[in-house]
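Undergrad: sequence and computational prediction follow.
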Amino acid sequence: MQIKSVIRILGLLLGLFSFLAIIPPIIVSLIYEDNETWSFFYAFILILVSGLVLWLPAINAKTDLKLRDGFIIVVLFWFVLSAFGSLPMILSESLDISLTNALFESVSGLTTTGATILYEIDSLPESILFYRQYLQWLGGLGIIVLAVAVLPMLGVGGMQLYKAEVAGPIKNKITPRITETAKWLWIVYVSMTLLCAISYYFAGMSIFDSICHSFSTIAIGGFSTHNQSFGFFNNQWIELIAIFFMIAACLNFSLHYLAFKNKSLLPYKENNEAYFFIFLIILVSIISIIYISGKSSNLGSREIISNIFYVVSISTTTGFTNSNYFNYVGFLPILLILFSFIGGCAGSTAGGMKVIRVILLVKQGYRELKRLIHPNSKIKVKIGDTAINERTLETIWGFFAIYVFVFISVMLLLMLSGLDFTTSFSAVAATINNLGPGQGDVLLNYANISDLNKWILSFSMIVGRLEIFTLLVIFIPDFWKK
């Protein structure tokens, strides 16, 4: 392992984070005069100095990284970033929260989970509200992908960081150079955010709310500037806009780039994963409408839109709620939590296992059934006309097995600590899938569970954000062998 190179890059990334993540909230604080300017300024100095302390001693380390070093940097950075990201909340006098709570909120933001320990969100200073939303936006596509795009002077094989960071079993570059790929992904990301913010504003949100909610919508995050989330606005047009952009953000971002570049919708039409994802959203929406119609005698267009918003929010792992959120009990919340395990498409900002993995798991399962009938037949698993190699299928089955093992292990730990089954199951599902809202004791927020449980769930959020393998691979003894 190139220790000095790893330390140098970690220091540079912290320095980048200090400017990208802390300066904008300082500007917001100055505009609104909310008395939080110094809290963010002190945090900025601490993060920047820490980055310099790591960078300066290893400034001359220029060795190219191996893939193993890329994994280490990504894992270290998400843990270190979460710790330093909590500083503004720890230093804030208006929040007055513990170290554990601040870290939990920071991890939840950066992993785009949206689980919160805060109660009176409406009364918080504007800079803190902005910072929470902005953390989700930075974490959405991955600040390390941004680093690969804007800091080629790192002297690192960009593909090593890109492979370790970008979600999904099949990683495709949309341009020949990895830095160009990362830049175009961020251009698409920023463009979608601007379109979402403008749409929210014209639908009735304030400028501040439209910007903040566009951050968490495109990041599939779920944080809001209000206790009632989207229920605060009680506006069907805002919910319709949110539905559209949540679905768009759950599609592979390379499809958006190719559609923009070619000025054609053909990339969407030719993508089987996108088709299956849209099919699932429609299917679950129909099931939920049928279920709700059996419970209500007065089901108008407003109620249908509200219901579809809830379905899309939970099943895409966004985690926004609306005015009817607490009326959904029993069958529907559990159904949607189960669908959140699927999540969005690979190459999107969504959580979950990813649609492409589920497609391949189903196709491989069907192949095994056919082999029972025709034992000697050679049947290929295909996506469209493309045959998937056996190594990829083995990797996906391995991912699924470890995913289930981690989920059960974390759930049992929570139950051992005293939480009931409903709370434990929903809390782990909400964190490992980067969803946010849970059931039972975490229905409102996560403030009332113990500090130990918050640490466990913080780990679960990072495991989910890094899609299991990226984190767990460093615990394999062979990983550290030369």
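TA: Yep, that arrived. These numbers come from a predicted model, not from an experiment.
Undergrad: what about stretch 460-477, start to end distance?
TA: 22 Å (Cα to Cα, to the nearest Å).
Undergrad: how far is that stretch from where the chain is centred?
TA: The chain centroid and the centroid of stretch 460-477 are separated by 15 Å under Cα atoms, centre = their mean, to the nearest Å.
Undergrad: repeat that for stretch 451-462.
TA: The answer for stretch 451-462 is 16 Å, by Cα atoms, centre = their mean.
Undergrad: after the helix or strand bottoming out on mean pLDDT in the chain comes which helix or strand?
TA: Lowest by mean pLDDT, DSSP states H and E among the helices and strands of the chain is helix 158-165, with a mean of 58. Using DSSP states H and E, the helix or strand that follows helix 158-165 towards the C-terminus is helix 178-203.
Undergrad: got the contact list for the following helix or strand past that following helix?
TA: Using DSSP H and E, the next helix or strand after helix 178-203 towards the C-terminus is helix 207-218. Helix 207-218 is contacted by residues 112, 114, 126, 129-130, 133-134, 136-137, 140, 189, 192-194, 196-198, 200-201, 205, 221-226, 233, 242, 245-246, 249, 318, 320, 349 when judged by Cβ atoms under 8 Å, 6 or more residues apart in numbering. Where you see a C-beta, it was placed from the backbone N, CA and C, and this is true even at glycine.
Undergrad: in helices, which of those residues fall?
TA: 126, 129-130, 133-134, 136-137, 140, 189, 192-194, 196-198, 200-201, 242, 245-246, 249 (DSSP state H).
Undergrad: buried subset of these as a ChimeraX selection?
TA: The following ChimeraX line selects those of the ones in helices among the contacts of helix 207-218 that are buried, judged by 16 or more other Cβ atoms under 10 Å:
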select :126,129,130,133,134,136,137,140,189,192,193,196,197,200,201,242,245,246,249
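Undergrad: pLDDT below threshold where in the stretch 301-450 of the chain?
TA: 325-327 (pLDDT under 70).
Undergrad: try the stretch 1-150 of the chain
TA: 1, 62-64, 143-144, 146-150.
Undergrad: hey, where'd the helices end up in it?
TA: 3-17, 23-32, 37-55, 67-85, 87-91, 99-110, 126-141, 143-150 (DSSP state H, counting those that start in this stretch).
Undergrad: centre of the chain to the second one, how far?
TA: Its chain's C-alpha centre lies 25 Å from the corresponding centre of helix 23-32 when counted by Cα atoms, centre = their mean.
Undergrad: how about the fourth one?
TA: Between the centre of helix 67-85 and the centre of its host chain there is 16 Å, according to Cα atoms, centre = their mean.
Undergrad: can you show me the CA trace of that helix as PDB?
TA: Extracted in PDB, the C-alpha atoms of helix 67-85 (Å, rounded to 0.1, in the frame of the first residue of the first chain):
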ATOM      1  CA  LEU A  67      -6.900  -0.400  -7.000                       C
ATOM      2  CA  ARG A  68      -6.400  -1.500  -3.300                       C
ATOM      3  CA  ASP A  69      -5.300   2.100  -2.400                       C
ATOM      4  CA  GLY A  70      -8.400   3.500  -4.100                       C
ATOM      5  CA  PHE A  71     -10.600   1.300  -1.800                       C
ATOM      6  CA  ILE A  72      -8.700   2.500   1.300                       C
ATOM      7  CA  ILE A  73      -9.000   6.200   0.300                       C
ATOM      8  CA  VAL A  74     -12.700   5.900  -0.300                       C
ATOM      9  CA  VAL A  75     -13.400   4.100   2.900                       C
ATOM     10  CA  LEU A  76     -11.200   6.400   5.000                       C
ATOM     11  CA  PHE A  77     -12.600   9.400   3.400                       C
ATOM     12  CA  TRP A  78     -16.200   8.600   4.100                       C
ATOM     13  CA  PHE A  79     -15.500   7.900   7.800                       C
ATOM     14  CA  VAL A  80     -13.200  11.000   8.100                       C
ATOM     15  CA  LEU A  81     -15.500  13.100   6.100                       C
ATOM     16  CA  SER A  82     -18.500  12.200   8.300                       C
ATOM     17  CA  ALA A  83     -16.500  13.100  11.400                       C
ATOM     18  CA  PHE A  84     -15.400  16.500  10.100                       C
ATOM     19  CA  GLY A  85     -18.800  17.100   8.500                       C
END
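Undergrad: helices and strands around that helix, which ones?
TA: Helices and strands touching helix 67-85, by 3 or more Cβ pairs under 8 Å, 6 or more residues apart in numbering; DSSP states H and E, are helix 3-17, helix 37-55, helix 99-110, helix 143-150, helix 158-165, helix 451-465, helix 469-472.
Undergrad: go ahead and confirm residue 455 touches residue 100.
TA: Yes - counting by Cβ atoms under 8 Å, residue 455 does reach residue 100; the two are 6.8 Å apart.
Undergrad: the more surrounded of these two?
TA: Using other Cβ atoms under 10 Å as the criterion, residue 455 and residue 100 rank with residue 100 on top: 17 against 14.
Undergrad: and the nearest residue to that one once chain neighbours are set aside, how far is that from residue 57?
TA: Among residues not flanking residue 100 along the chain, residue 451 sits closest, at 4.4 Å (Cβ to Cβ, 6 or more residues apart in numbering). Distance of residue 451 to residue 57, computed by Cβ to Cβ, to the nearest Å: 34 Å.
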